[in-house]
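**Q** got a sequence here, can you build the structure:
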Amino acid sequence: MSLPVKMFEPKSTLQRVVDSFSYAPMFLKQHATNPDSLERFKAVIPFAMAGLHLCSGQLKPFNPILGETLQCHFKDGS
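**A** Alright, predicted model coming up:
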């Protein structure tokens, strides 16, 4: 069954996964060396919540092609 093109967004599934992790350097890097596990856990909660708004209003992504790869670089070098 074919679907109309306007149902899709111009991103692949891999690009949507990267979008959900785009806040990781902001929230997780500063707490990575913290010895207190509770403080590290507290940093994970805003990281998980920050990416939710990127996924709430999206359309269906294009299906990934076999062997498709994606390279991404964040501002902090990761």
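**Q** check this structure for its longest strand and report it.
**A** strand 8-12 (DSSP state E).
**Q** now that one, how far from the chain's geometric center?
**A** How far strand 8-12 lies from its chain's middle: 15 Å, per CA atoms, centre = their mean, to the nearest Å.
**Q** mind saving the C-alpha coords of it as CSV?
**A** Taking Å, rounded to 0.1, in the frame of the first residue of the first chain, the C-alpha atoms of strand 8-12 are listed here in CSV:
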residue,chain,number,x,y,z
PHE,A,8,6.2,11.8,5.7
GLU,A,9,8.6,14.2,7.2
PRO,A,10,11.9,14.9,5.3
LYS,A,11,13.9,13.0,7.9
SER,A,12,15.0,9.4,8.2
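**Q** parallel or antiparallel, which strands does that strand pair with?
**A** Pairing partners of strand 8-12, with direction, according to DSSP bridges: strand 60-62 (parallel).
**Q** mean confidence (pLDDT) on the partner strand, please.
**A** Averaging pLDDT along strand 60-62 gives 69.
**Q** sorry, back to before: can you give me the buried ones in the longest strand of the chain?
**A** Residues of strand 8-12 classed as buried: residue 12 (neighbour count, 16 or more other CB atoms under 10 Å). Quick note: C-beta positions are derived from backbone N, CA and C, even for glycine.
**Q** ok, now which ones touch residue 34?
**A** 40, 43 (CB atoms under 8 Å, 6 or more residues apart in numbering).
**Q** so it, which state does it fall into?
**A** Recorded secondary structure, residue 34: coil (DSSP: H, G, I helix; E, B strand; the rest coil).
**Q** pLDDT at the residue nearest to the spatial centre of the chain, what is it?
**A** The centroid of the chain falls nearest to residue 20 when counting by CA atoms, centre = their mean (1.8 Å). Residue 20 carries a pLDDT score of 74 in this model.
**Q** residues in contact with the longest helix along the chain?
**A** Longest helix of the chain, by residue count under DSSP state H: helix 37-50. With contact meaning CB under 8 Å, 6+ apart, helix 37-50 is reached by 23-24, 26-28, 30-32, 34.
**Q** again, only this time at 7 Å
**A** 23-24, 27-28, 31, 34 (CB atoms under 7 Å, 6 or more residues apart in numbering).
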